[in-house]
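Peer 1: here's a sequence, model it:
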Amino acid sequence: MYDDFYKLTGRPFQLTPDPDFYFESGTHRKALSYLGYGLAQGEGFIVITGAIGAGKSTLAAHLMATIDRQRLTAAQIVTSRLDGEELVHLAARAFGIDVQGHDKATALALIENFLQDEARAGRRCLLVVDEAQNLSVDALEELRMLSNFQLGAHPLLQILLLGQPEFRELLQGSPALEQLRQRVIASHHLDAMEPGEVGPYVEHRLTRVGWRGNPAFAANVYAALAKASGGLPRRINQIVTRVLLMGAVEQRTTIDAAMLSEVLADLGRDTAVMPGGNAGPAALAQTIQAAGAAGGAASSGSVPAREAQAARKDPAIGAHAAAPFSDPGAALAGFAAALAVRDEQIAELQRAVIELADMPGAPTADLSDIVRRLDALEARSTEQDKAVRHILTMLIEWIENENPRRAA
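Peer 2: Okay, the predicted model is just below:
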């Protein structure tokens, strides 16, 4: 992969939040200031909102990695659409409290005892709730009730809520949440990074994995990247990962605007391909011909590099970030449609390979290599097909169970 080619010690643009790569942009600096103020108050709610990919989870990871565990006991939960009782049990487990088999009232009593023990030991408690936009009004009210726990005059639990913009709108506009609103002592909305912060952000993450200027970035790349990404960290990570992959495949030491433009075009095609956006045989043949024409360069590289090239040239082979389905039946149908498209594209590729192999002057060695990789891809796809169908069947059975959440 590109980290090997550029001699990096890791992959700096992973989408998973990692506090080691935390970058303090202007909006994140403000968020930390509000967090610091809120934590100093030791009570109530702190609310941080932002668009998808704005860096809320990374901010929370940074907070969890830097707090003083001798003075503050913190737990984090990522919420789905939970009711009040489920949320209470989830919060208890986040603090390491065993509430299995207990009803809501018992779970609340166990949480209160834990919080009191922590207070007597000189530690305050913080509950970080990520993806708060998924919570119902009833679940949010349950959180407010948790924040009522006190030991004498001292509050026992403070709560940090992280959510998307719709959560901010719900909190501001719902009459049922008036009491919770009155307990919000600090709030901040994470904006996108400024255009001038995109370059330092990219280089900061690269430096964390040993980057020493290889690859270099042309002067106009960061401005174009800022515009294409909207200044959202996750989107920047996605784009730069693909650019570096292209650079490694083509053995580039400088990333230029033309490479970025090609990657953005590829990403645009990726979002249009699933499901039903089947590339025609002519396009697939062009892909194989391009691979054959590049055979001299590709054959001198590693097998992963050649597979990466195929992924970049053909969106059907590359990874796709499919939107989640709210209905499991739709999820199964969507996956089945996507798998059918994939199978058809594999078959088209195989037919194209056979046709090209019969053409005069076809690069036989390179085509044979492509055939072997296609066979391997088909074998892996079959196993993935079985695994996906098994998991989705279990998911549907779980949701249709008469009491699914308690059973889980």
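Peer 1: what residues are up against residue 22?
Peer 2: Residues near residue 22 by C-beta atoms under 8 Å, 6 or more residues apart in numbering: 28, 58, 59, 61, 62. Bear in mind the C-beta positions are built from the backbone N, C-alpha and C, glycine included.
Peer 1: now do residue 43
Peer 2: Residues near residue 43 by C-beta under 8 Å, 6+ apart: 147, 155, 158, 183, 185.
Peer 1: tell me which of those residues fall in strands.
Peer 2: Among the contacts of residue 43, the residues falling in strands (DSSP state E) are 155, 158, 185.
Peer 1: circling back to that earlier point, any chance of the contacts of residue 22 in TSV with distance to residue 165 and neighbour count as columns?
Peer 2: Shown next, in TSV, are these (distance: C-beta to C-beta, whole Å; neighbours: other C-beta atoms under 10 Å):
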residue	distance to residue 165	neighbour count
28	17	25
58	17	20
59	16	25
61	21	21
62	21	22
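Peer 1: which of the residues you listed lies closest to residue 175?
Peer 2: Closest approach between the contacts of residue 22 and residue 175, by C-beta to C-beta: residue 59, at 29.7 Å.
Peer 1: how close does that closest one get to residue 46?
Peer 2: Using C-beta to C-beta, to the nearest Å, one gets 11 Å for the distance from residue 59 to residue 46.
Peer 1: now do the shared contacts for the two.
Peer 2: Common neighbours of residue 59 and residue 46 (criterion: C-beta under 8 Å, 6+ apart): residue 35.
Peer 1: so where's the chain uncertain?
Peer 2: For the chain, applying pLDDT under 70 flags the ranges 270-408.
Peer 1: returning to that earlier point: for the contacts of residue 43, which single residue is the most surrounded?
Peer 2: Highest neighbour count within these, by other C-beta atoms under 10 Å: residue 158, with 22 neighbours.
Peer 1: so that residue bridges to which residues?
Peer 2: Per DSSP bridges, the residues bridged to residue 158 are residue 126.
Peer 1: pretty sure it is touching residue 125, no?
Peer 2: Yes. The criterion here is C-beta atoms under 8 Å, and residue 158 meets it with residue 125 at 7.1 Å.
Peer 1: list residues touching both of the two?
Peer 2: Contacts common to residue 158 and residue 125, judged by C-beta under 8 Å, 6+ apart, are absent.
Peer 1: ok, so what distance separates residue 242 from residue 234?
Peer 2: Going from residue 242 to residue 234 by C-beta to C-beta gives 13 Å.
Peer 1: in the stretch 51-200 of the chain, which spans are strands?
Peer 2: In the stretch 51-200 of the chain, the segments counted as strands under DSSP state E, counting those that start in this stretch are 72-78, 124-130, 150-151, 154-155, 157-163, 184-190.
Peer 1: deepest of those, which one?
Peer 2: For the strands of the stretch 51-200 of the chain, the largest average neighbour count (mean count of other C-beta atoms under 10 Å) is found in strand 157-163, namely a mean of 24.
Peer 1: residues in contact with that one?
Peer 2: By C-beta under 8 Å, 6+ apart, the surrounding residues in contact with strand 157-163 are 35, 38-39, 41-49, 56-57, 59-60, 63, 115, 124-133, 143, 146-147, 149, 167.
Peer 1: looking at it, residue 112 is touching residue 156, isn't it?
Peer 2: Yes. At 7.5 Å, residue 112 counts as touching residue 156 under the criterion of C-beta under 8 Å.
Peer 1: which one's more surrounded, those two?
Peer 2: residue 156 (22 against 17).
Peer 1: residue 87 and residue 78 touch, don't they?
Peer 2: No. Assessed by C-beta under 8 Å, residue 87 is found out of contact with residue 78, at 11.9 Å.
Peer 1: what's the burial count for residue 134?
Peer 2: Residue 134, neighbours per other C-beta under 10 Å, totals 16.
Peer 1: number the residues from 778 up from this point.
Peer 2: Yep, numbering from 778; the last one is residue 911 now.
Peer 1: test my guess that it contacts residue 860.
Peer 2: No. Under the criterion of C-beta under 8 Å, residue 911 makes no contact with residue 860, lying 11.6 Å away.
Peer 1: circling back: any chance of the strands of the stretch 828-977 of the chain in CSV, with distance to residue 1024 too?
Peer 2: As requested, the strands of the stretch 828-977 of the chain are exported to CSV (distance: least, C-beta to C-beta, whole Å):
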stretch, distance to residue 1024
strand 849-855, 34
strand 901-907, 33
strand 927-928, 57
strand 931-932, 52
strand 934-940, 34
strand 961-967, 30
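Peer 1: gap between residue 1023 and residue 906?
Peer 2: Distance, residue 1023 to residue 906, by C-beta to C-beta: 39 Å.
Peer 1: hmm, back to that, between the ones in strands among the contacts of residue 820, which is closest to residue 847?
Peer 2: residue 935 (16.7 Å).
Peer 1: now do the closest one against residue 809, distance only.
Peer 2: Using C-beta to C-beta, residue 935 is found at 16 Å from residue 809.
Peer 1: same question, residue 862
Peer 2: Per C-beta to C-beta, residue 862 is found 34 Å from residue 809.
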